[in-house]
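**Student:** Make a model of this:
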Amino acid sequence: MEEKTYYLVYRISGWHEKIESFELYGTEPSFDNCGESTVAPLFGESIDDKDSNNNDQYVAHIYFEPPNRFVFDYAPGTPPKPAYHKSLILERKNTQ
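**Tutor:** All right, here's what the predicted structure looks like:
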């Protein structure tokens with residue numbers, strides 16, 4: 001996205017009901033032992049691991065839609081590998 005470096009962070013939170021989300025940072029975040037960042041994210045959004053029919057799905061692609069929105073493309077099934085989120089690329093979505 002343009003010439004600025006952004007940092008996309010994948011998070012899992014919750015004790016029983018796990019919530020998965022992505023957060024976008026403008027500077028490189030660092031985290032304490034409790035997972036709290038020393039830098040505030042620009043924004044974040046949770047993802048759905050189930051579709052409307054309660055079937056498994058995962059994020060296959062992430063788009064950034066200015067000024068502050070993620071658009072997720074989902075694929076059916078379970079992620080192809082355990083750390084698949086590390087290979088995701090954030091692209092700017094043209095709204096014109």
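
**Student:** Give me the three-state assignment for Lys86.
**Tutor:** helix (DSSP: H, G, I helix; E, B strand; the rest coil).

**Student:** Tally up the residues packed near it, please.
**Tutor:** With neighbours defined by other CB atoms under 10 Å, the count for Lys86 comes to 9. For every residue, glycine as well, the C-beta is placed using N, CA and C.

**Student:** Contacts only, for it.
**Tutor:** Contacts for Lys86 were tallied using CB atoms under 8 Å, 6 or more residues apart in numbering; they are Tyr10.

**Student:** What separation is there between it and Asn33?
**Tutor:** Distance of Lys86 to Asn33, computed by CB to CB, to the nearest Å: 22 Å.

**Student:** pLDDT below threshold where in this protein?
**Tutor:** Counting by pLDDT under 70, the low-confidence segments of the chain come to 1-2, 95-96.

**Student:** ok, the closest residue to His61 other than its chain neighbours - contacts?
**Tutor:** Closest residue to His61 apart from its sequence neighbours, by CB to CB, 6 or more residues apart in numbering: Asp73 at 4.1 Å. By CB under 8 Å, 6+ apart, the contact set of Asp73 is Val59, Ala60, His61, Ile62, Tyr63.
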